[in-house]
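Visitor: build the 3D model from these lines:
(chains A and B)
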Amino acid sequence: MRMNQNIAISETGFLFNPSTGESFTLNPVGLKLISYYKEGLNDDEIISRMQEEYQVEEREISRDLLDFKNVLKHYLLVDNND
Amino acid sequence: MEKKVYERPHIIKLDAGMPGKFGMRAETPAMTHVFGVAVKKLVEKHGSPLFVISEESIRQSYRKAHKAFSTRYPNVQFAWSYKTNYLSAICNIFHSEGSWAEVVSGFEYNKAIANNVDPKKIIFNGPGKSDDELLTAANNGSLIHIDHLDELYQLIDIAEKATQRPRVAIRVNMDTGIYPQWDRFGFNYENGQAWDAINKIMHSGKLDLMGLHTHIGTFIMTASAYGIAATKLADLAMGLQQKFNHTIKYIDLGGGFASKNTLKGSYLPGSDISPSFDEYAEAISSALLNSSLKPDSLPLLILETGRALVDSAAFLISTVIANKRLSNGKRATIVDAGVNIMFTSFWYQHQISPAQGASQYREDTVLYGPLCMNIDCLRESVNLPILNKGDQVVIHNVGAYNMTQWMQFITLRPNIVLVDSAGEVQLIREAENMDSIQHHEKMPDKLVINHP
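Guide: Residues are numbered from 1 along each chain as shown, chains lettered A, B, ... in the order given. Predicted coordinates:
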């Protein structure tokens, strides 16, 4: 999944989408996931990285990632062609 | 390298709409303990969901209410409203403080008797009393509050069989300037029904008219309405005095005092806008003292308040079963307590607190119960921190009506514990099991399924 390339994200978790004018806030884990997507990592790579970095089981991050992706789609923050 | 603590990913759209007119605080601090006992420990021992009631909180509320009235009026008596919460342990806390019993059915009457309440201190309200129930109450000298003319004539007949003259009052409904005006119970004041009933009782010569009663409504946010009610009852009492030279023993203003819960649709929380006991007491006492009632024969003032005394004395602990996302992107959380045990979630926006620490991130959440029914929604919208499966939430102000109006529907009813005045946790009602339900059922022989 690819994020819209024109969205702007601050280090503190503030996200701005210039296409819609909408702003969002992210918690640190949400911010981390979006940064991985922006790097171009796929889901498996992200799950693996998250397990290395956080105290989280595979099934937990896998479940949360699925939900989080749906929210990003709902807010039109991902590339429509993806 | 030490791994970081994980929290569910969270993104929330910033809404630059109009600021809230009242600027209410959106976050609720974690509530790891209820009445001094750790939530985790309670759930570990007694399961979830779990009602937790505080003896001390009940006693403090009762004493506060009693003080508000007794410092303003010379002769005050509270009667515990059984329908609000008739767990025997709870009733007996009120009785030990001096409360009489106020019951509205034969079942509740028998419960009060089983709790060793002096029958003369039981007030029998309600529109549906059977002949047997009325005869028992009459023989016991209980105070029977007559609801309608059929009951009045029923009692006149029963008086022939009773071992003593029935001690009665009439229930009066009236316009106290509030909406809705309750008129389905009792006799109307303004159109003369109440005066007609009083005349019938006095002319019958078979009933002892002890008092006058009203119950103007429920969750009354305007204390002055009680002042109007007290004035109208005092007027009837004066009429009795003048016409029949009969002095009534008591005036009963019923219940209906608001608790600190927040009604659905209310802008401000109940904790900020519900009248205090002092406000109710001031309105009622002033009206009676300023009436034409003679100071040397002021009637006993009886109050049947239930909700305002017990609502804040109980919490419901519930556990998160799952999180899910609705079609509009909104977060929904499913907990293990449904509307079958939280009847009052149809009336109130119950305050909900997380039972464990969380980050500062909050999410607008729909809080559902576990029932496979669309109506099973505890809060349509509540700001909650990021909750995970297995976390607990604490639902506030659940002491009134939930433990009497609850239903065995889809799930069984849970344990109820009391944190007593010594801080000990006592189980006061066991969770139901299959046998609680099955032992009432009968299976016709031809429907029994036998496996070879």
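Visitor: elements contacting the one helix or strand B:Met210 maps to?
Guide: In this structure, B:Met210 sits in strand B:208-214 according to DSSP states H and E. Secondary-structure packing of strand B:208-214 (3 or more CB pairs under 8 Å, 6 or more residues apart in numbering or on different chains; DSSP states H and E): strand B:143-146, strand B:167-173, helix B:193-204, helix B:224-244, strand B:250-252, strand B:300-303. C-beta: built from backbone N, CA, C; applies to glycine.
Visitor: what lines up beside the last one in the sheet?
Guide: Sheet pairing here is set by DSSP bridges, and for strand B:300-303 it gives strand B:76-81 (parallel), strand B:250-252 (parallel).
Visitor: I'd like the next helix or strand past the last one.
Guide: Sequence order places helix B:270-273 as the next helix or strand after strand B:250-252, per DSSP H and E.
Visitor: pLDDT of that next one, averaged?
Guide: Per-residue pLDDT over helix B:270-273 has a mean of 91.
Visitor: and the nearest residue to B:Phe78 once chain neighbours are set aside, how many neighbours?
Guide: Leaving aside its sequence neighbours, B:Phe78 sits nearest to B:Ser99 (CB to CB, 6 or more residues apart in numbering or on different chains; 4.7 Å). B:Ser99 has 23 neighbouring residues, counting by other CB atoms under 10 Å in any protein chain shown.
Visitor: need the helices for the stretch 51-200 of chain B, in chain order.
Guide: Applying DSSP state H, counting those that start in this stretch to the stretch 51-200 of chain B gives helices spanning B:55-70, B:88-97, B:106-114, B:131-140, B:149-161, B:193-204.
Visitor: right, and the ones you listed - which one's nearest A:Lys32?
Guide: Closest to A:Lys32 of the helices of the stretch 51-200 of chain B is helix B:55-70 (CB to CB; 44.2 Å).
Visitor: okay, angle between that closest one and helix B:88-97 too, please.
Guide: 40 degrees (axes from the mean of the first three to the mean of the last three CA atoms, to 10 degrees).
Visitor: can you point out the buried residues in helix B:55-70?
Guide: For helix B:55-70, the neighbour count (16 or more other CB atoms under 10 Å in any protein chain shown) marks B:Glu55, B:Glu56, B:Ser57, B:Ile58, B:Arg59, B:Ser61, B:Tyr62, B:Ala65, B:His66, B:Ala68, B:Phe69, B:Ser70 as buried.
Visitor: any chance of CSV for the strands paired with strand B:300-303, columns mean neighbour count and mean pLDDT?
Guide: Formatted as CSV, those follow (neighbours: other CB atoms under 10 Å in any protein chain shown; pLDDT from 0 to 100):
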stretch, mean neighbour count, mean pLDDT
strand B:76-81, 25, 98
strand B:250-252, 24, 98
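Visitor: is it possible to export these to JSON lines including distance to B:Arg171?
Guide: What follows is the strands paired with strand B:300-303, written out as JSON lines (distance: least, CB to CB, whole Å):
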{"stretch": "strand B:76-81", "distance to B:Arg171": "14"}
{"stretch": "strand B:250-252", "distance to B:Arg171": "9"}
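Visitor: for B:Glu363, which of those is the nearest?
Guide: Taking CB to CB, strand B:76-81 is the member of the strands paired with strand B:300-303 nearest to B:Glu363, at 38.3 Å.
Visitor: from the helices and strands packed on strand B:208-214, which stretch is densest packed?
Guide: Of those, the one with the most neighbours on average (mean count of other CB atoms under 10 Å in any protein chain shown) is strand B:143-146, at a mean of 28.
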